[in-house]
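*Asks:* sequence first, then the predicted structure, then my questions.
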Amino acid sequence: MSIKTIHNKIVNINKTNVLSSTELILKSNKDLRLGGTGNDNVEWWSYPENNHYFRSENGFEPTLNTTEKAIEFEAANSQHLIGSKVFDTTRVFTLSVWIKSKAADTLYRIISNFVSSVDNGFQLNKATGSYVFSLYSGGSQGTSRMNIDYAPSNDTNWHHILGVYDGSTFSTYIDGHARSVFSITTTISATEGIWIGKLNYFAGQPFDGYIDDFSIKHSFDEKLVNYTGSVIKYAAGEEVFIPNPRSLDKTPILQLQSNVINNQKILLDESNNVMQWNDVRNKRFFTSTNNPLYDFTEQSIYFEQAAATYLKDIKNDNYYNFGTADFYFLLWIKPDVVNLTENLFGNFNSSIGILLQKRTGSNLRFYAMSFSAYSSESYLLTSEWNNIVIQRHDSILYMILNGILVYKTVNTIDIFCNSELELGSYTGSKTQNLNGYIDGFIVANSALLENISSNSVGDKVFTPKTRNFPIL
């Protein structure tokens with residue numbers, strides 16, 4: 001099912017709906033105070049923009065898990081964090097969080113903000129078979145208990161959960177899929193700060209798992225509203241959006257965009273030849289060889305094989321050494337000729353490094369050190385813009401073409417490089433340089449899509465959105 005295209009005209013959220021002093025955005029890659037054994041106990045998780053923090057209790061501190069790159073809560077030790085402020089749930093709000101449970105079909109109390117069984121507030125649980133949002137008024141759930149029953153979530157993978165209260169209804173989403181929508185007829189007036197990891201009045205069923213990128217705010221995400229600013233009510237199961245990647249492990253180490261022309265992003269000469277293509281944030285600069293041309297119609301860079309044009313990272317360092325860890329490459333290409341072997345990018349040199357080719361069969365070939373593989377010829381490149389993702393996650397390599405999984409295999413190759421990364425070519429021969437366009441090129445030392453291990457070749461695993469950032 002395709003991602004919904006929201007109205008092009010997005011209105012600014014009414015500022016009366018926004019209370020900046022109680023907005024809360026927590027990311028595990030910042031604003032943590034650690035201590036205790038191994039210096040990995042989370043003592044504070046804060047949002048300094050509004051002096052809001054979460055504190056741990058002595059002996060019940062969660063930890064920063066460096067493998068998952070998130071905060072780990074252990075049920076055996078009832079680890080939890082307590083918010084310092086009351087969040088006003090009588091007004092509109094959006095709650096967003098990434099969660100990974102250690103066990104499926106297990107009841108966990110994850111996030112809540114009410115002080116007793118007869119209080120008002122909300123609760124997010126993991127039940128047997130689904131995640132559950134509950135809104136309480138005087139301790140009664142009534143019809144406000146919402147199962148976010150989405151079968152792929154009943155596992156031990158990362159999942160994104162979103163709840164939206166618009167003043168009269170509460171809408172829920174998991175992994176971008178719309179789930180339950182419930183009418184709310186009572187006022188949910190919480191008096192307690194938010195607890196993460198367990199309930200504040202009940203010791204049972206503490207959370208066993210990981211949490212990252214938790215936010216709650218008095219506004220709506222633009223992707224969920226129509227042109228009047230009202231929250232759209234989608235049917236259960238409808239794919240509405242792709243969640244933003246988690247902040248810590250999804251930050252690209254390279255991000256090149258061609259729809260912005262200036263001396264920082266793309267530097268052109270008087271003839272519109274590309275002199276440099278830059279990622280200023282990551283301090284990576286690609287210089288021109290034989291001057292690829294900037295095409296203002298396509299708003300992209302055109303590479304020409306006959307002229308041996310390509311771009312090369314000016315640094316030859318260990319920046320693209322992935323070892324045996326996760327990584328992904330994402331790019332958009334528009335080839336002149338589909339069924340012709342041409343090099344798209346790479347730093348492959350004497351069986352060291354990586355290389356991505358398009359082949360005479362209109363499919364893809366990916367090299368990584370001594371490893372090489374072809375994607376299925378049942379799913380081929382087109383003469384229009386194509387989105388390509390090459391990723392490794394949990395020792396499985398995936399090739400994804402236009403959102404369709406076209407190759408999948410176990411891969412534990414130790415990947416490192418000894419040459420500069422090139423676009424439209426690679427370190428070796430220039431006789432198979434690209435004829436065509438490249439845009440929206442991203443590299444990250446992480447996986448883009450974490451929940452596709454159960455998918456098979458031929459499955460649609462995501463819908464590419466646009467080659468102008470944000471890509472997803």
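*Replies:* Ah, there it is.

*Asks:* on the three-state scheme, the residue lying closest to Pro464 once chain neighbours are set aside is what?
*Replies:* Using C-beta to C-beta, 6 or more residues apart in numbering and skipping residues adjacent in sequence, the residue nearest Pro464 is Asn387, 3.8 Å away. Every C-beta, even on glycine, is put in place using the N, C-alpha and C of the backbone. Per DSSP: H, G, I helix; E, B strand; the rest coil, the secondary structure class of Asn387 is strand.

*Asks:* return the residues in contact with Asn387.
*Replies:* Leu330, Leu331, Trp332, Ile400, Leu401, Asn402, Gly403, Pro464, Arg467 (C-beta atoms under 8 Å, 6 or more residues apart in numbering).

*Asks:* okay, domains of this structure per the record?
*Replies:* 15-224, 254-444 (automatic domain parsing).

*Asks:* relative to Arg246, which of the ones you listed is closest?
*Replies:* Closest approach to Arg246 among the domains of the chain is made by domain 15-224 (5.1 Å; C-beta to C-beta).

*Asks:* any idea how far the spatially most central residue of the chain is from Ser96?
*Replies:* The centroid of the chain falls nearest to Pro245 when counting by C-alpha atoms, centre = their mean (1.5 Å). According to C-beta to C-beta, to the nearest Å, Pro245 stands 13 Å off from Ser96.

*Asks:* low pLDDT regions in the chain?
*Replies:* 1-39, 46-51, 115-119, 137-154, 186-187, 222, 227, 247-251, 259-264, 468-472 (pLDDT under 70).

*Asks:* OK, contacts around Arg284?
*Replies:* Neighbours of Arg284 in contact, by C-beta under 8 Å, 6+ apart: Ile253, Leu254, Asn278, Asp313, Lys315, Tyr319.

*Asks:* among those residues, name the buried ones.
*Replies:* Buried residues within those, counting neighbours by 16 or more other C-beta atoms under 10 Å: Leu254, Asn278, Asp313, Tyr319.

*Asks:* wait, what's in contact with the second one?
*Replies:* What that stands for is Asn278. Leu256, Gln264, Lys265, Ile266, Leu267, Arg284, Phe285, Phe286.

*Asks:* and the third one, by the same measure?
*Replies:* Contacts were defined as C-beta under 8 Å, 6+ apart; by that measure Asp313 touches Arg284, Phe285, Phe286, Tyr319, Glu420, Leu421, Glu422.

*Asks:* and of these, the nearest to His80?
*Replies:* Of all those, His80 sits closest to Tyr319, with 38.9 Å by C-beta to C-beta.

*Asks:* quick check, the closest one in a strand?
*Replies:* No. Under the criterion used here (three-state DSSP), Tyr319 is coil, not part of a strand.

*Asks:* what sits closest to it if chain neighbours are left out?
*Replies:* Distances taken as C-beta to C-beta, 6+ apart put Ile253 closest to Tyr319, at 6.8 Å, once the chain neighbours are dropped.

*Asks:* wait, the one you found sits on Asp317?
*Replies:* No. Counting by C-beta atoms under 8 Å, Ile253 does not reach Asp317; the two are 11.6 Å apart.

*Asks:* list the residues that contact both of those two?
*Replies:* Contacts common to Ile253 and Asp317, judged by C-beta under 8 Å, 6+ apart, are absent.

*Asks:* ends of stretch 114-123, how far apart?
*Replies:* Start and end residues of stretch 114-123 are separated by 8 Å (C-alpha to C-alpha, to the nearest Å).

*Asks:* oops, could you answer that again for stretch 219-230 instead?
*Replies:* Its first and final residues considered, stretch 219-230 spans 11 Å by C-alpha to C-alpha.

*Asks:* buried residues in it?
*Replies:* Ser219, Phe220, Asp221, Leu224, Val225.

*Asks:* ok, now stretch 206-218?
*Replies:* Buried-residue list, stretch 206-218, by 16+ other C-beta under 10 Å: Pro206, Phe207, Asp208, Gly209, Tyr210, Ile211, Asp212, Asp213, Phe214, Ile216, Lys217, His218.

*Asks:* can you check stretch 273-292 too?
*Replies:* Val274, Gln276, Trp277, Asn278, Asp279, Arg284, Phe285, Phe286, Ser288, Thr289, Asn291, Pro292.

*Asks:* repeat that for stretch 387-405.
*Replies:* Residues of stretch 387-405 classed as buried: 387-393, 396-405 (neighbour count, 16+ other C-beta under 10 Å).

*Asks:* would TSV of the domains of the chain with distance to Phe241 be doable?
*Replies:* Converted to TSV, the domains of the chain look like this (distance: least, C-beta to C-beta, whole Å):
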stretch	distance to Phe241
domain 15-224	5
domain 254-444	14
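
*Asks:* which stretch among those comes nearest Gly458?
*Replies:* For Gly458, the closest of these is domain 254-444, at 6.7 Å, according to C-beta to C-beta.

*Asks:* how far off centre is the closest one?
*Replies:* 21 Å (C-alpha atoms, centre = their mean, to the nearest Å).

*Asks:* start and end of that domain, how far apart?
*Replies:* The straight-line separation of the ends of domain 254-444 (C-alpha to C-alpha) is 7 Å.

*Asks:* kindly report the same for stretch 380-397.
*Replies:* The straight-line separation of the ends of stretch 380-397 (C-alpha to C-alpha) is 19 Å.

*Asks:* likewise for stretch 94-107?
*Replies:* End to end - C-alpha to C-alpha - stretch 94-107 spans 24 Å.

*Asks:* now swap in stretch 77-85 and tell me
*Replies:* Using C-alpha to C-alpha, one end of stretch 77-85 lies 24 Å from the other.

*Asks:* got the contact list for that stretch?
*Replies:* Contacts of stretch 77-85 (C-beta under 8 Å, 6+ apart): 22, 24, 42, 45, 52-57, 59-63, 71-73, 113, 193-198, 200, 203, 206-207.

*Asks:* just put the buried residues of stretch 219-230 in a markdown table and tack on distance to Leu449 and secondary structure.
*Replies:* Output for those, formatted as a markdown table (distance: C-beta to C-beta, whole Å; DSSP: H, G, I helix; E, B strand; the rest coil):
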| residue | distance to Leu449 | secondary structure |
| --- | --- | --- |
| Ser219 | 28 | coil |
| Phe220 | 26 | coil |
| Asp221 | 20 | coil |
| Leu224 | 22 | helix |
| Val225 | 26 | strand |
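
*Asks:* if we can go back for a sec, out of the domains of the chain, which gets nearest to Ser453?
*Replies:* domain 254-444 (6.4 Å).

*Asks:* isn't Asn316 up against Ser419?
*Replies:* Yes. The criterion here is C-beta under 8 Å, and Asn316 meets it with Ser419 at 6.3 Å.

*Asks:* neighbour-wise, which of the two wins?
*Replies:* A count of neighbours by other C-beta atoms under 10 Å puts Ser419 above the other of Asn316 and Ser419, at 19 against 14.

*Asks:* the more buried one and Thr427 touch, don't they?
*Replies:* Yes. Ser419 lies in contact with Thr427 (C-beta under 8 Å); the separation is 4.1 Å.

*Asks:* redo the buried ones among the contacts of Arg284 as CSV? Include distance to Gly129 and secondary structure.
*Replies:* Listed next are the buried ones among the contacts of Arg284 as CSV, based on distance: C-beta to C-beta, whole Å; three-state DSSP:
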residue, distance to Gly129, secondary structure
Leu254, 40, strand
Asn278, 49, strand
Asp313, 48, strand
Tyr319, 44, coil
